[in-house]
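no FASTA, just this:
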């Protein structure tokens, strides 16, 4: 029998919890709901939720920067240059290169915990 799911979301460990909450709040222009001080913050985006959690001290080694190196959060944007300008305006480190691929253009930014966020702008025409 397959697993019956009601919902799914991305959960990111945030060892730099306050800085990470501020980063996502600034980037997405919205406050987390729910928000548990120094423990959990949830951001609602179209089609997905992002939950930030502060790992317990006894589990911090599981969330070192190298542990999640293969995972990236991909955020589809309508205007890549505009998204980059928004990140710059907020004072966060911005991507150095825009990469072009068959599926569109993308640039990478990193949150305070070192998690990679792919800002992706789809090609005007996409094969189905």
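Perfect, I can see it now. Everything numeric in this text was worked out from a predicted model, so none of it was measured.

Which parts of the chain are helices?
Taking DSSP state H, the helices of the chain run over residues 17-28, 80-89.

Select, out of those helices, the one closest to residue 71.
With respect to residue 71, and counting by Cβ to Cβ, the nearest of the helices of the chain is helix 17-28 at 15.0 Å. Yep, even glycine has a C-beta here, placed from its N, CA and C like the rest.

Tell me how far the closest one lies from the chain's centre.
10 Å (Cα atoms, centre = their mean, to the nearest Å).

Now that helix: buried residues?
Neighbour counts over helix 17-28 (16 or more other Cβ atoms under 10 Å) mark 17, 20, 21, 23, 24, 27 as buried.

go on, stretch 95-112?
95, 104, 105, 106, 107, 109, 111, 112.

I'd like the helices of the chain as JSON lines, with mean pLDDT and distance to residue 121 appended.
Shown next, in JSON lines, are the helices of the chain (pLDDT from 0 to 100; distance: least, Cβ to Cβ, whole Å):
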{"stretch": "helix 17-28", "mean pLDDT": "96", "distance to residue 121": "16"}
{"stretch": "helix 80-89", "mean pLDDT": "92", "distance to residue 121": "4"}
